[in-house]
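Novice: pasting a predicted model and its sequence here:
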Amino acid sequence: MNSGKSTAVLQVAHNYEERGMNIVIAKSAIDSKGSNKIVSRLGRDRDVHFLAPPELNFEKTIKKLTPKPSCILIDEAQFLTRAQVDQVFNVAVGQGIPVICYGLRTDFRRKAFPGSLRLFELAHSLEELKTICRCGKKAMFNARKQAGKFIFAGSQVAIDGESKVTYEALCGNCYNSELKAQSSKKHNNSHATS
């Protein structure tokens, strides 16, 4: 979160198009933020060529496109299924089309998303986009807040901005501090009610 992933997608798309190349931008349909747009926190947005629900087959979808794209950009790649990541790999290797995926490594509980895990297993190269924690250190985790309070349990997917859900990028120390504070509150509440 806040590392500039969506901004990077828009910049790479611009770079390809500035050179007269045909690109295709896709986004996981699970990410409802911005509907069919990639939305950057810097206020820029752009329509995607298609949304990818979990049942979409990337190989078949890309094979049907004319003209053949010079590059495929995928935002919110953490929400892809493992099978879709395999399909994206086959597009890159079998169809010879570069595929650049942008997404999160882990969820708010520090657990890998299935799509991210498969991308780590198959990616030709990885580049980390960095952001900073409120303390100034490198942020590593995305802590979830519900109505302004940190929470550490719940469904893996909750979209930023929906149902009063927000995220804050934290370093390991600040994440652990918030986790301990939450555990301490629960412990104190359980003693108060016994």
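Specialist: Yes, it's here. Residues are numbered from 1 along each chain as shown.
Novice: how many neighbours does residue 67 have?
Specialist: 6 (other Cβ atoms under 10 Å). C-beta here means a position set from N, CA and C on the backbone, and glycine is covered the same way.
Novice: correct me if wrong: it contacts residue 22.
Specialist: Yes. Using Cβ atoms under 8 Å, residue 67 makes contact with residue 22 at a distance of 5.6 Å.
Novice: with just CA atoms, put stretch 59-67 into CSV.
Specialist: Taking Å, rounded to 0.1, in the frame of the first residue of the first chain, the C-alpha atoms of stretch 59-67 are listed here in CSV:
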residue,chain,number,x,y,z
GLU,A,59,-4.2,-17.6,-22.3
LYS,A,60,-7.4,-17.8,-24.3
THR,A,61,-8.3,-14.1,-23.7
ILE,A,62,-4.9,-12.8,-24.8
LYS,A,63,-4.7,-15.2,-27.8
LYS,A,64,-7.9,-13.7,-29.2
LEU,A,65,-6.6,-10.1,-29.1
THR,A,66,-5.7,-8.3,-32.3
PRO,A,67,-3.3,-6.8,-32.8
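Novice: list the buried ones in it?
Specialist: If you call a residue buried by 16 or more other Cβ atoms under 10 Å, then stretch 59-67 has these buried ones: 59, 61-62.
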